[in-house]
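Visitor: sharing a model prediction with you, sequence too.
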Amino acid sequence: MKPGPTNSMSDVGGLRVGNAQDTSLKSGTTVVVGDAPFVTSVAVMGGAPGTRETDLLAPDKSVAAVDALVLSGGSAYGLDACSGVMDGLRSDGRGFRVGPAQIPLVPGAILFDLLNGGDKGWSDNPYRALGLMAYKNATEAFEIGSVGAGTGALTAMLKGGLGTASLVLPDGSTVAALVAANPVGAVTTPGDRHFYAAPFEMAGEFGGLGPDPASGLGLSRESRKMAALSPRTNTTIAIVATNAALTKAECHRIATAAHDGIARACVPAHTPNDGDLVFALTTGALPAADVLLTGHAAALCLSRAIARAVYAATPADTDIMPCWRTANADV
């Protein structure tokens, strides 16, 4: 297996990613939209999720495909970003038809970034407009780091962000991950230098420093975020995708397997104060997937995407946490 040409979600043909953010708000939204509706499911393993329309993604529910998926900051306010994406899809003639009615299906998930130093004194919820902007911005080339849903994200010790990674499998199919990393846990080992995901790094994609040579890792619960904010300001939300055909039930299995990627990159993970969630989708462009290998690849991509999110984060005014790049300026 090797990374795809762009090492991003765009390596799964037919998918586009759109970001929108407000620097004064210190928050934003990310959308994944396909050239056509796609089969998807979801697995939630965190204790504090925030979601919209995820029940319809269960394998026994009748909805066969959705039009887009949304990751957003803003906690419960951010769920309104899905409405903005719906507005954009409807204006483009997209959506599930019931007689003359046209209904875009846009599940979404949110992370908590309401205490990160941005201006949250709005009178009108800004996330619907951010959702529409993200939809209009959707393209194959997109930025990572302090953009979109990762704009205001924070890990235990450093700024979080938006990350992505991909792998091409031996059968020619592609698997990719997109993540907004805002976990309770740390993404780096003590000292803020080495990534927990380092054993899975490819081609120096997040600094090439390798694993921490220390032993006994994971015992420290030090957290700048928890000391500065609240135990409930968290969540890692992600989308994994493939172009190999999957059933809805198989998408659910891939989403579940991909959670291993969160656990390998964030220590601890899946806590009562995280809303850790993974969507899994297929465009179905290629023959049936090897579900075991696809799930394994999805977990590898997600670990790498989380580290890339933190590695690519950039400093901004009123930050309350350092970036990896400023903390490791000698690299």
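Guide: Received it, and whenever you're ready, just let me know what you need.
Visitor: rest of the way, CA atoms for contacts and neighbours
Guide: OK.
Visitor: in which helix or strand does residue 275 reside?
Guide: In this structure, residue 275 sits in neither a helix nor a strand according to DSSP states H and E.
Visitor: that one against residue 51, yeah?
Guide: No. Counting by Cα atoms under 8 Å, residue 275 stays clear of residue 51, with 9.2 Å between them.
Visitor: ok, those two, which is more surrounded?
Guide: residue 275 (30 against 21; other Cα atoms under 10 Å).
Visitor: next one: the residue nearest to that one when sequence neighbours are not counted from residue 277, what distance?
Guide: With sequence-adjacent residues excluded and distances taken as Cα to Cα, 6 or more residues apart in numbering, residue 275 is closest to residue 49, at 3.7 Å. Distance of residue 49 to residue 277, computed by Cα to Cα, to the nearest Å: 7 Å.
Visitor: what do the two both touch?
Guide: Here residue 49 and residue 277 have residue 109 as joint contacts, going by Cα atoms under 8 Å, 6 or more residues apart in numbering.
Visitor: have a look at the two and say which one is more surrounded.
Guide: Counted by other Cα under 10 Å, residue 49 and residue 277 do not tie: residue 277 has more neighbours, with 29 against 23.
Visitor: contacts only, for that one.
Guide: For residue 277, the residues meeting the contact criterion (Cα under 8 Å, 6+ apart) are 42-46, 49, 109, 236-238, 259.
Visitor: next: residue 61.
Guide: Counting by Cα under 8 Å, 6+ apart, residue 61 has contacts residue 55.
Visitor: check the secondary structure at it for me.
Guide: Three-state call for residue 61 (DSSP: H, G, I helix; E, B strand; the rest coil): coil.
Visitor: please report phi then psi for it.
Guide: phi -90, psi 160 (degrees, to the nearest 10).
Visitor: next one: residue 55
Guide: Torsion angles, degrees, to the nearest 10, at residue 55: phi -60, psi -30.
Visitor: against residue 32, how distant is the residue lying closest to it once chain neighbours are set aside?
Guide: Among residues not flanking residue 55 along the chain, residue 61 sits closest, at 7.8 Å (Cα to Cα, 6+ apart). Distance, residue 61 to residue 32, using Cα to Cα: 22 Å.
Visitor: and the closest residue to residue 8 other than its chain neighbours, how far from residue 178?
Guide: Excluding its sequence neighbours, the residue lying closest to residue 8 (Cα to Cα, 6+ apart) is residue 165, at 4.6 Å. Counting by Cα to Cα, the gap from residue 165 to residue 178 is 7 Å.
Visitor: residues that sit against both of the two, list them.
Guide: 8-9, 302, 305.
Visitor: most neighbours among these, which one is it?
Guide: Neighbour max across those (other Cα under 10 Å) = residue 305, 35 neighbours.
Visitor: I'd assumed that one was in a helix, is it?
Guide: Yes. According to three-state DSSP, residue 305 belongs to a helix.
Visitor: now do the strands in the stretch 1-150 of the chain.
Guide: In the stretch 1-150 of the chain, the strands defined using DSSP state E, counting those that start in this stretch lie at 15-22, 27-44, 51-52, 66-72, 96-98, 101-103, 108-110.
Visitor: who are the packing partners of the fourth one?
Guide: Read that as strand 66-72. strand 27-44, helix 81-91, strand 108-110 (3 or more Cα pairs under 8 Å, 6 or more residues apart in numbering; DSSP states H and E).
Visitor: let's see 7 Å
Guide: Counting contacts by 3 or more Cα pairs under 7 Å, 6 or more residues apart in numbering; DSSP states H and E, strand 66-72 is packed against strand 27-44, strand 108-110.
Visitor: so which of those strands is nearest residue 17?
Guide: strand 27-44 (4.7 Å; Cα to Cα).
Visitor: which parts of the closest one are buried?
Guide: If you call a residue buried by 16 or more other Cα atoms under 10 Å, then strand 27-44 has these buried ones: 27-34, 37-44.
Visitor: same deal with stretch 278-293?
Guide: Quick answer for stretch 278-293 (16+ other Cα under 10 Å): 278-284, 286, 289, 291.
Visitor: can you put those residues in a markdown table and add pLDDT and secondary structure?
Guide: As requested, the buried residues of stretch 278-293 are arranged in a markdown table below (pLDDT from 0 to 100; DSSP: H, G, I helix; E, B strand; the rest coil):
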| residue | pLDDT | secondary structure |
| --- | --- | --- |
| 278 | 98 | strand |
| 279 | 98 | strand |
| 280 | 98 | strand |
| 281 | 98 | strand |
| 282 | 97 | strand |
| 283 | 96 | strand |
| 284 | 94 | strand |
| 286 | 94 | strand |
| 289 | 80 | coil |
| 291 | 96 | helix |
